[in-house]
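Q: fold the following for me, if possible:
(one chain, ligands or ions: 1)
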Amino acid sequence: MAASGPARSGQARPSPCWSYRGLPPLATAPVGRMVLCAVRKQLLVSSRCGAWAGPLLRKSSRIHDFNQEEIREKLQAFPGGSIDLLKQESGVAVLTVNNPSRMNAFSGTMMVELEEKVSQLESWTGGKGLIVRGAGGTFCSGSDLNAVRAISNPQDGMKMCMFMQNTLTRLLRLPLISVALVEGRALGGGAELTTACDFRLMVPGSIIQFVHKHMGLVPGWGGAARLVHIVGSPSALKLLAGAVKVGPELSLQIGLTDGVLEAPQQHKGDDTGTVLRQAGDWISRYTTGAAPVIQAVKKVVLSGRELPLYEALRTEKDVFGTVWGGPANLQALASKPKHK
Ligand SMILES: CC[C@@H](C(=O)O)C(=O)SCCNC(=O)CCNC(=O)[C@H](O)C(C)(C)COP(=O)(O)OP(=O)(O)OC[C@H]1O[C@@H](n2cnc3c(N)ncnc32)[C@H](O)[C@@H]1OP(=O)(O)O
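A: Predicted coordinates for the structure are as follows:
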């Protein structure tokens, strides 16, 4: 691997509790309190079940409560491509955005399928990690512009936006350590998708670009809010207002990317395999271990990221209770480990 591990710029990180200067902290606003309860409930229910599952959980983890069925039906009218999920024995799944004839743009049915695949991952008891990638050597070019044109009325646009926000929020909240593997281009909604993963890896020559300004838009799938958390508000503002083409070098510099992989070995005719293997090796350092422990790690970090300190500490205690005295803990104690 040419480079790996975070190469942060050392700039100030945003506050982890979603309360920014000038805005009321979520905990003090009624809507905010509801969201916090939902996040905490999600963490606790999933801890008790040992899986991130259940209809209650799925409902409570939504950011927007609206009739999803209606937009789901409309989206079904725009077919093409697929979202493929491969759950591997290693506990690391591969989610592929698959619509290469349109540079992996999201058709309506792909948006619906993504939500279905996230539901499946929420109830994957043995899961530890997730690699999100695009088919055919490129990541994703955002929404399918044909579908966007057809549903460009404000009402449907808002519903599609809320649908995708809900799905991508649930993707980020999976109890799996997730990484977006960026080959080729991640444009518009594709760039937003990369921010719904815990980490991003880039291949030399690849580009992440929030092209929304050029489309007369701003991100609507939650990508702006998440980008601010990842790179801080000055860099986020530059990337969005400048629709900057972010290559691996700049991406590492600003902390958008966590590693740069080696270029695919084209002469061996196995580009996808090579890059995917590298991503698998990269993530394995974080997913090695018992699934309940890896899931617990993600949950405590997630609560630290999304909840105010008091709530996060309570959640951490509860998640701690699910692993204390558990099989992995007892096995480790019996082996008298020395952490040299
Ligand atoms: C809500 C909107 C916002 C969001 O979701 O937040 C968005 O995502 S809007 C979409 C933003 N994306 C774009 O605007 C991408 C526009 N396309 C391009 O810039 C280029 O196609 C490319 C992605 C840079 C690739 O260029 P190139 O390598 O030269 O290939 P082609 O241009 O020939 O593309 C091949 C083929 O793919 C079709 N394509 C690509 N992207 C989309 C898309 N987003 N929706 C629909 N179709 C797309 C492209 O039209 C070509 O098809 P044919 O013309 O039939 O050959």
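Q: E70 contacts K159, correct?
A: Yes - counting by C-beta atoms under 8 Å, E70 sits close enough to K159 to count as a contact (6.9 Å). For glycine as for every other residue, the C-beta is placed from the backbone atoms N, C-alpha and C.
Q: who has more neighbours, these two?
A: K159 (20 against 12; other C-beta atoms under 10 Å).
Q: in three-state terms, label the more buried one for me.
A: Three states are possible here, and by DSSP: H, G, I helix; E, B strand; the rest coil the one that applies to K159 is helix.
Q: repeat that for V132.
A: Going by three-state DSSP: V132 is strand.
Q: alongside the ligand, which residues does the stretch 151-300 of the chain contribute?
A: Within the stretch 151-300 of the chain, the residues that sit near the ligand (C-beta under 6 Å from any ligand atom) are 185, 187-189, 192, 211-212, 215, 217, 219-221.
Q: what does the residue in the chain positioned nearest to the ligand show for phi and psi?
A: Nearest residue of the chain to the ligand (C-beta to the nearest ligand atom) works out as G142 at 2.2 Å. Main-chain torsions, G142, degrees, to the nearest 10: phi 90, psi -150.
Q: quick one, helices of the stretch 101-250 of the chain?
A: For the stretch 101-250 of the chain, the helices defined by DSSP state H, counting those that start in this stretch occupy 108-122, 145-150, 154-172, 189-194, 223-231, 233-241, 248-254.
Q: going by mean pLDDT, which of those comes out lowest?
A: Per-stretch mean pLDDT for the helices of the stretch 101-250 of the chain is lowest at helix 145-150 (a mean of 90).
Q: what's it packed up against?
A: Helices and strands in packing contact with helix 145-150 are not found; criterion 3 or more C-beta pairs under 8 Å, 6 or more residues apart in numbering; DSSP states H and E.
Q: report the buried residues of that helix.
A: For helix 145-150, burial by neighbour count (16 or more other C-beta atoms under 10 Å) applies to 147-148.
Q: winner for burial among the helices of the stretch 101-250 of the chain?
A: Neighbour counts (mean count of other C-beta atoms under 10 Å) averaged over each of those peak at helix 189-194, with a mean of 29.
Q: residues making contact with that helix?
A: 97, 104, 106, 132, 134, 139-143, 164, 168, 180, 182, 186, 200, 208-211, 219, 221-223, 226 (C-beta atoms under 8 Å, 6 or more residues apart in numbering).
Q: any idea how far L201 lies from G81?
A: 23 Å (C-beta to C-beta, to the nearest Å).
Q: sorry, slip of the keys, the one I care about is M162.
A: 22 Å.
Q: then V300?
A: 36 Å.
Q: can you check L193 too?
A: 14 Å.
Q: so for these two, which residues contact both of them?
A: When contacts are counted by C-beta under 8 Å, 6+ apart, L193 and G81 are jointly contacted by V97.
Q: tabulate the CA atom coordinates of stretch 296-311 in CSV.
A: Only the C-alpha atoms of stretch 296-311 are listed here, as CSV (Å, rounded to 0.1, in the frame of the first residue of the first chain):
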residue,chain,number,x,y,z
ALA,A,296,-19.5,-2.6,20.4
VAL,A,297,-16.5,-0.5,19.4
LYS,A,298,-18.5,1.0,16.5
LYS,A,299,-21.4,1.7,18.9
VAL,A,300,-19.4,3.5,21.5
VAL,A,301,-17.7,5.7,18.9
LEU,A,302,-21.1,6.4,17.2
SER,A,303,-22.7,7.4,20.4
GLY,A,304,-19.7,9.7,21.2
ARG,A,305,-20.1,11.2,17.7
GLU,A,306,-23.8,11.7,17.8
LEU,A,307,-24.9,12.2,21.4
PRO,A,308,-24.1,14.8,24.0
LEU,A,309,-21.6,13.7,26.5
TYR,A,310,-24.1,12.7,29.2
GLU,A,311,-26.1,10.5,26.9
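Q: in that stretch, what counts as buried?
A: Quick answer for stretch 296-311 (16+ other C-beta under 10 Å): 296-300, 302-308, 311.
Q: among those, which ones are in helices?
A: 296-300, 302-306, 311 (DSSP state H).
Q: need the max-distance pair from those.
A: Spatial extent of these (C-beta to C-beta) is set by the pair V297 and E311 at 18.2 Å.
Q: distance from the chain centre to stretch 106-125, please.
A: Centroid separation between stretch 106-125 and its chain, computed with C-alpha atoms, centre = their mean, to the nearest Å, is 13 Å.
Q: got any ranges where the protein has weak pLDDT?
A: Across the chain, the ranges flagged by pLDDT under 70 are 1-61, 265-272.
Q: outline the domain layout of the protein.
A: 68-285, 291-335 (the TED database).
Q: give me the distance between the two termini of the last one.
A: Right, domain 291-335. End-to-end distance for domain 291-335, by C-alpha to C-alpha, to the nearest Å: 19 Å.
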